[in-house]
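**Student:** Whatever this is, show me its structure:
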Amino acid sequence: MKKRILVVEDEEKLRRVIELQLVSGGFDVDKAATAEEALKVVDRADLVLTDLRLPSMDGLAFLGVIRRQNAHVPVIMMTAFGSVETAVEAMKAGATDFLLKPFGLDHLMQVVSKALEVRALREENRELKAELGRRYEFDNIIGRSPAMQEIFASIERVAPTRATVLLAGESGVGKDLIARAIHFHSPRRDRPLVKINCSALPENLMESELFGYEKGAFTGAQTSKPGKFEQADTGTVFLDEIGDVPAAVQVKLLRILQEREFERLGSNVTRRIDVRVVAATNQDLRAALEQGTFREDLYYRLNVVPLNIPPLRERKQDIPFLANHFVHKLAPENGCQVERITDAGMEKLIAYYWPGNVRELENVIERSLVMSTGTALDAADIKLEADRRPRPQADTHFLPEGLTLDAYEQEIIREALRRADGNKSHAARLLGLTRNALRYRLTQMGLEA
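**Tutor:** Reported below is the predicted structural model:
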């Protein structure tokens, strides 16, 4: 396609000479005698060739308007009053190049060709960056922040392997979507993906649900049934809320991860299995280790590749992209006419704390769409809950003066042992800990022996 050049020159004869030269060089040309005329057609220009001195609006002011209206178009300044200072000023303002009058027509064509080549290179660079960004968009996961770009890059690196992945993050940050992205970008994409919500399974049913059971294993077991792990054979198991798994089941999970084998409930037959495990938690598993509620060996087996997904309040630059995505997704589903969010509406969304993260944002957008009557969501249309962000304490000196947290904790533990006359079980109850958690702390203090 021919490139279109906009020539802005108040001297008619020179304007005509430049036009003829550019047309003979294979360009389409638009002409204007003033900046005001030129602004009407600048949006379709591939390059602007403008005089520095124009009626009513000078070239530098005109350049500023062009940059706001068409940021990427090259602008070449022409002037008969050239100096180094004027050239520097124009280049600082965003001019691509500078021509001093009088100039030769061959020189004009060289400068124009060079400016268009630079534009082509910059456009190619922008397209490559956009393509890179598209590579980091997995399914419905939206994230332009550096933190999310790191997560996407990690998904690309870890997905082709069979390494176990532990996703950590608050409820609602999108751990489920990331687990699915890992599976569907892996060699197992055509095999089963089985999700197990550990917090939704009653403790007395968890073992049979995960590992299956044989006929007669318990009352009501009239037939044999494979468990979730068998259903996922050669595929991926997603263990959501792994921190809620009871201790008895943790032992069997450890065996799955270490040996790739298990037995059904009520059976002595060892079964081999090939599954990739992705686990997720919104708990602090390190704290669970200290409290004795989570096995240390299982934690390290799960934590081969840890991915920590930041909460939405720590990546607020993602909010506009997520909010617009939800508008375009949910408006047709709810029969709404809303097409966009106003600047004021977006500012309100960005200012909110988002304790429920992306899931809460999606719910807020859907609620606002349903209640809205216009074609845009304004600030008044955004229905948020009362801000539940933590309030800072007035008194920041909450530790006894001169004591660190570790020293204060050790002092409390010693006091509990004194009150319990050295009985560790009694001391653990006084502290609200399990005996194992107390033993762990005593070992750290060098007092376990």
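**Student:** Please enumerate the helices of the stretch 201-350 of the chain.
**Tutor:** Assigned by DSSP state H, counting those that start in this stretch, the stretch 201-350 of the chain shows helices spanning 203-211, 228-231, 247-259, 285-291, 296-302, 319-333, 343-351.
**Student:** Ok, which of those helices comes nearest Ala428?
**Tutor:** Ranking the helices of the stretch 201-350 of the chain by their distance to Ala428 (criterion: Cβ to Cβ) puts helix 285-291 first, at 10.5 Å. Glycine gets a C-beta too; all of them are placed from N, C-alpha and C.
**Student:** Now that closest one: average pLDDT?
**Tutor:** Helix 285-291 carries an average pLDDT of 85.
**Student:** Convert that helix to PDB, retaining C-alpha atoms only.
**Tutor:** Only the C-alpha atoms of helix 285-291 are listed here, as PDB (Å, rounded to 0.1, in the frame of the first residue of the first chain):
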ATOM      1  CA  LEU A 285       1.700 -24.300  55.100                       C
ATOM      2  CA  ARG A 286       4.900 -23.400  57.000                       C
ATOM      3  CA  ALA A 287       2.800 -22.300  59.900                       C
ATOM      4  CA  ALA A 288       0.900 -25.700  59.600                       C
ATOM      5  CA  LEU A 289       4.300 -27.400  59.800                       C
ATOM      6  CA  GLU A 290       5.100 -25.700  63.100                       C
ATOM      7  CA  GLN A 291       1.600 -26.500  64.500                       C
END
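**Student:** in it, what's buried?
**Tutor:** Leu285, Ala288, Leu289, Glu290, Gln291 (16 or more other Cβ atoms under 10 Å).
**Student:** Just the closest of those residues to Val304, please.
**Tutor:** Leu285 (13.6 Å).
**Student:** And for Gly216, the neighbour number?
**Tutor:** 12 (other Cβ atoms under 10 Å).
**Student:** can I assume it is in contact with Ser267?
**Tutor:** No - counting by Cβ atoms under 8 Å, Gly216 stays clear of Ser267, with 10.3 Å between them.
**Student:** if I pick Ala379, what's in contact with it?
**Tutor:** Ala379 makes contact with Thr342, Ala344, Gly345, Glu347, Lys348, according to Cβ atoms under 8 Å, 6 or more residues apart in numbering.
**Student:** same check, this time on Asn308
**Tutor:** Residues counted as contacts of Asn308 (Cβ under 8 Å, 6+ apart) are Ala168, Gly169.
**Student:** Strands of this protein, start to end?
**Tutor:** For the chain, the strands defined by DSSP state E cover 4-8, 28-32, 47-51, 75-79, 97-100, 165-168, 193-197, 236-240, 261-263, 270-272, 276-281, 305-308, 340-341, 376-377.
**Student:** Can you lay out those as a markdown table showing mean pLDDT?
**Tutor:** A markdown table is the format used below for the strands of the chain (pLDDT from 0 to 100):
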| stretch | mean pLDDT |
| --- | --- |
| strand 4-8 | 93 |
| strand 28-32 | 93 |
| strand 47-51 | 92 |
| strand 75-79 | 88 |
| strand 97-100 | 85 |
| strand 165-168 | 95 |
| strand 193-197 | 92 |
| strand 236-240 | 95 |
| strand 261-263 | 91 |
| strand 270-272 | 92 |
| strand 276-281 | 95 |
| strand 305-308 | 92 |
| strand 340-341 | 92 |
| strand 376-377 | 92 |
